[in-house]
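Asks: okay, here's the prediction I keep looking at, along with the sequence it came from:
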Amino acid sequence: MLSSVGAAVALSLAGRQALAALAPIVDDVSAVTGAGAKVTVPKSALQELRDSLRGALLLPGQPGYDEARRVLNAAIDRHPALIVQPTGAADVRTAVDFARQYGLLLAVKCGGHSFAGKSTCEGGMQIDLSRMRGVHVDPTALKAYVAGGSLLGELDHEAMSLGLVTTAGTVSHTGVGGLTLGGGFGRLARRYGLALDNVLGADVVTADGRLLHASADENPDLYWGVRGGGGNFGVVTEFEFRLHPMARQVIGGNLIFPISRARELLDFYANYCLSAPDELYCDAVMSTPPAAAGQPGVFIFDLCYSGPAGQAENVLAPLRKLGTPIADKIGPVDYVKLQRSGDRTDPRNEGMYLKSGFINDFPAPLVAALMDGYRPDPARSTTVFFQQSGGAIGRVAADATAFPHRRSRLNMFAVATWDLATDGAPHSAYVKDYWSGLRRYTDGYYVNEVANEPQKQVDDNYQVNIGRLTELKNKYDPTNLFRLNANVKPTV
C-alpha cells in the first residue's frame, strides 16, 4: 500500500512538472552573479534554455523546485533563481554555457550532503544531477562506470552483486560526485584507498562548456586535480572506478557502552585504532542526546572488518576485553546492508553545526581536552566522533593527487544538532568554543565536511598542492565559475 501511494505521488509530481514545462515562461528572472551583482535573465533566454534541454528547467513555485533546492542540512534554506536537472552530459554543457553567459552564481548538487550547503545557492543557478544516475559494472575489467549524479548505494548494490567493491562512504544516499572529488573516506578506505584513489577516469564538463575525459593518459593534469580538488574544475558526468574482489559477508556493527566510561574508552581507542590492520575500520562515537529523547549518553565503537573470517576474533579480541557493554551488535553482516545502516531517509527538521580536522596521532592531552570541554545540553544532541583513516590511504604520496592529507590517522568531529524551531546560535557557539581547545591537535581538515573557512585557511589546507591547483584553476576555470566549493581562487 505504501509503495502504491509513493508511486502515485511520484507520478503526480512528474505530471505537474510536465505541465509546467509546456507552459510558456512569462516573466524575466532576477538572479545574482558569482560576484554578487544583480542580473536580469530575460524570459526569452529562459525559454530558449528550456527548449534546448532534454531534462527540466525549474523556476521558483514550480513542481519539484523545493525538493531540488533542499540539501541534507536542514539549517540551509536557499532559493536558486533557476534549477536545471540534466539527463546527460549535453544538458550539463548547455547549463554551464548559460551560467557562464550570464555570469550566474553556480551550484552543483549530487546527493546534497554538503554540510555547508555548497550544492545549493541563493539567487543563482543550481545544476541538480538527480536525473543522471546509473551504474554499469564490467566484472572482467574490474571497473564500474558511474553516472555523475549517482548515489553510493547504487554503486555498492551493482558491484557487490558481482562480488566486487570500491570505497564508497558510509551512508548510501551520499552523492558519488561530492564524496569522490573531495576525498572519499569509507569502511574500505584503509584497505583499498580513498574513493578518489580508485578513480581511473572521469568525464568533466569544464567552465568553457567542453566535455573532457581525464585519466592518466588523457588530460592528466585535470585527472590529478579532480582527485581532491573538489568541484573547482567542472562537473563530472561520469566516473570510472577500479573495483576489488571481496566477500559479501563482513563482520560489522556496534559495541555500545555507557558514556561514563568515555575517558577510559578514548584512551583505549587511541592505541587500538593506530595499530589496527588495514582490513579493520573502527570509528568511535561519544554522544549525548537532547533531554526530549529520554535516553542516556553512550560511547560507541562502530566497525567493519573485511579481512579473512578466521582472523576476525583475534583482531576484535581487545574490544571483547573491555567488559560488558550495554549492547553488542557486532556479527556477520551483508556489506551492502551495513552500508545502509547509517541512512536517514526521514524528513529533516534538525539544524546542525560541526567542526572537523585530521589528526596524525592521539596524544594523552587530546583525550583530556576532549573530556574537559565536553558539555552536553538538554536542548541539543552533543557528539564527538572519530572516523578512522590510515592504512592504504597513507601509502600514497601527498602530491600524487590533489588530496594532501595522507598522514592522517583519524578525522575528528565535534557536532551539535538541535530542533530547527529553537535558536541554534548557542549550540553553534558551543561547538566553536569547544573546537578552539581541540584545533591545536589537528593538521588540516576534510573539505567535504567544513563550512565557510577564510580563504587563507582554504589555501593552507591544500598544503603542498595549492600552487599546482591554482595553475589548474587558471587553465580550466579562470573566471571562477565553479566557486561554491573549497575554492581555489584563480590568479589570472
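Replies: Happy to help now that I have it.
Asks: ok, which stretches of the stretch 51-200 of the chain are strands?
Replies: Ranges of strands in the stretch 51-200 of the chain, per DSSP state E, counting those that start in this stretch, are 56-58, 82-85, 106-109, 125-128, 135-138, 143-147, 164-165, 199-205.
Asks: the stretch 351-492 of the chain now?
Replies: Using DSSP E, counting those that start in this stretch, strands in the stretch 351-492 of the chain cover 380-388, 410-419.
Asks: format the ones you listed as CSV; extra columns: mean pLDDT and distance to V367.
Replies: C-beta: built from backbone N, CA, C; applies to glycine. Formatted as CSV, the strands of the stretch 351-492 of the chain follow (pLDDT from 0 to 100; distance: least, CB to CB, whole Å):
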stretch, mean pLDDT, distance to V367
strand 380-388, 97, 11
strand 410-419, 95, 11
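Asks: quick one, which of these gets closest to A189.
Replies: The minimum distance between A189 and the strands of the stretch 351-492 of the chain falls on strand 380-388, with 8.5 Å, by CB to CB.
Asks: what is the orientation angle of the closest one with strand 410-419?
Replies: Orientation of strand 380-388 against strand 410-419 (axes from the mean of the first three to the mean of the last three CA atoms, to 10 degrees) gives an angle of 160 degrees.
Asks: strand 380-388 pairs with which strands?
Replies: In the sheet, strand 380-388 lines up against strand 280-288 (antiparallel), strand 410-419 (antiparallel) (DSSP bridges).
Asks: who touches E240 in this structure?
Replies: 143-146, 199-202, 215 (CB atoms under 8 Å, 6 or more residues apart in numbering).
Asks: can you rerun that using 10 Å?
Replies: 138, 141, 143-146, 198-203, 213-215 (CB atoms under 10 Å, 6 or more residues apart in numbering).
Asks: by neighbours, which of those residues wins?
Replies: V146 (30 neighbours; other CB atoms under 10 Å).
Asks: how much space separates the nearest residue to it once chain neighbours are set aside from A400?
Replies: Excluding the flanking residues, the one nearest V146 by CB to CB, 6 or more residues apart in numbering is F239, at 4.6 Å. F239 sits at a distance of 18 Å from A400 (criterion: CB to CB, to the nearest Å).
Asks: again with V137
Replies: V137 is 26 Å from A400, by CB to CB.
Asks: and these two? Which one has more around it.
Replies: The residue with more neighbours, out of V137 and A400, is V137; 20 against 14, by other CB under 10 Å.
Asks: verify the stated contact: that one with R242.
Replies: No: counting by CB atoms under 10 Å, V137 does not reach R242; the two are 11.8 Å apart.
Asks: show me whatever sits in contact with both of these two.
Replies: 143-144, 164.
Asks: nearest residue to the middle of this protein?
Replies: Note on the chain: the residue nearest the mean C-alpha position is L179, at 4.1 Å, using CA atoms, centre = their mean.
Asks: how close does the closest residue to that one other than its chain neighbours sit to S260?
Replies: Leaving aside its sequence neighbours, L179 sits nearest to G169 (CB to CB, 6+ apart; 5.2 Å). According to CB to CB, G169 and S260 sit 32 Å apart.
Asks: which strands and helices sit next to the one helix or strand I300 maps to?
Replies: I300 is part of strand 298-305, with elements assigned from DSSP states H and E. Contact partners of strand 298-305 among helices and strands, from 3 or more CB pairs under 10 Å, 6 or more residues apart in numbering; DSSP states H and E: strand 249-258, helix 262-272, strand 280-288, helix 312-320, helix 335-339, strand 380-388.
Asks: quick one: closest of those to L82.
Replies: helix 335-339 (34.3 Å).
Asks: how far away from the center of its chain is the closest one?
Replies: Computed by CA atoms, centre = their mean, to the nearest Å, the chain-centroid distance of helix 335-339 equals 18 Å.
Asks: likewise for stretch 422-438?
Replies: Distance, centroid of stretch 422-438 to centroid of chain: 22 Å (CA atoms, centre = their mean).
Asks: equivalent analysis for stretch 396-407, please.
Replies: Remark: stretch 396-407 is offset 19 Å from the chain centroid, using CA atoms, centre = their mean.
Asks: next, the buried residues of it.
Replies: Neighbour counts over stretch 396-407 (16 or more other CB atoms under 10 Å) mark 401-407 as buried.
Asks: closest to M286 among those?
Replies: H405 (23.1 Å).
Asks: is it true that that closest one touches S356?
Replies: No: the criterion here is CB under 10 Å, and H405 misses it with S356 at 11.5 Å.
Asks: re the thing from before, G169 and S260 - which one has more neighbours?
Replies: G169 (29 against 12).
Asks: so what's the residue nearest to L179 up against?
Replies: By CB under 10 Å, 6+ apart, the residues touching G169 are 111, 113, 151-153, 155-156, 175-176, 178-180, 184-189, 195, 339, 342, 448.
Asks: buried subset of the residues you listed?
Replies: Buried members of these, counted by 16+ other CB under 10 Å: 111, 113, 151-153, 155-156, 175-176, 178-180, 184-189, 195, 339, 448.
Asks: which of the residues you listed fall within helices?
Replies: 152-153, 155-156, 176, 178-180, 189, 339 (DSSP state H).
Asks: the helices in the stretch 1-150 of the chain, which residues?
Replies: Here the stretch 1-150 of the chain has its helices, by DSSP state H, counting those that start in this stretch, at 2-22, 43-52, 65-69, 89-102.
Asks: hey, least reliable of those helices by pLDDT?
Replies: In terms of mean pLDDT, the lowest-scoring of those is helix 2-22 (a mean of 55).
Asks: can you give me the helices for the stretch 351-492 of the chain?
Replies: For the stretch 351-492 of the chain, applying DSSP H, counting those that start in this stretch gives helices covering 364-373, 425-436, 455-461, 466-476.
Asks: highest mean neighbour count out of the ones you listed?
Replies: Greatest average neighbour count among the helices of the stretch 351-492 of the chain goes to helix 466-476 (a mean of 18), per mean count of other CB atoms under 10 Å.
Asks: now that helix: mean pLDDT?
Replies: Per-residue scores along helix 466-476 average to 98.
Asks: now it against strand 199-205, angle please.
Replies: Counting by the same axes, to 10 degrees, helix 466-476 points 40 degrees away from the direction of strand 199-205.
Asks: what does helix 466-476 rub up against?
Replies: Helix 466-476 is contacted by residues 204, 206-208, 210, 212, 219, 221-222, 224-226, 228-230, 232-234, 399, 402, 404, 458-460, 462, 465, 480, 482-483, 486-492 when judged by CB under 10 Å, 6+ apart.
Asks: quick one: it to chain centroid distance?
Replies: Using CA atoms, centre = their mean, the mean C-alpha position of helix 466-476 is found 23 Å from that of the whole chain.
Asks: and R395, how close does it get to G88?
Replies: Distance from R395 to G88, by CB to CB: 37 Å.
Asks: which one of the two has more residues nearby?
Replies: Taking neighbours as other CB under 10 Å, R395 and G88 compare with G88 leading, 15 against 11.
Asks: check contacts around that one.
Replies: Per CB under 10 Å, 6+ apart, neighbours of G88: 54-55, 131-132, 147-148, 237-238.
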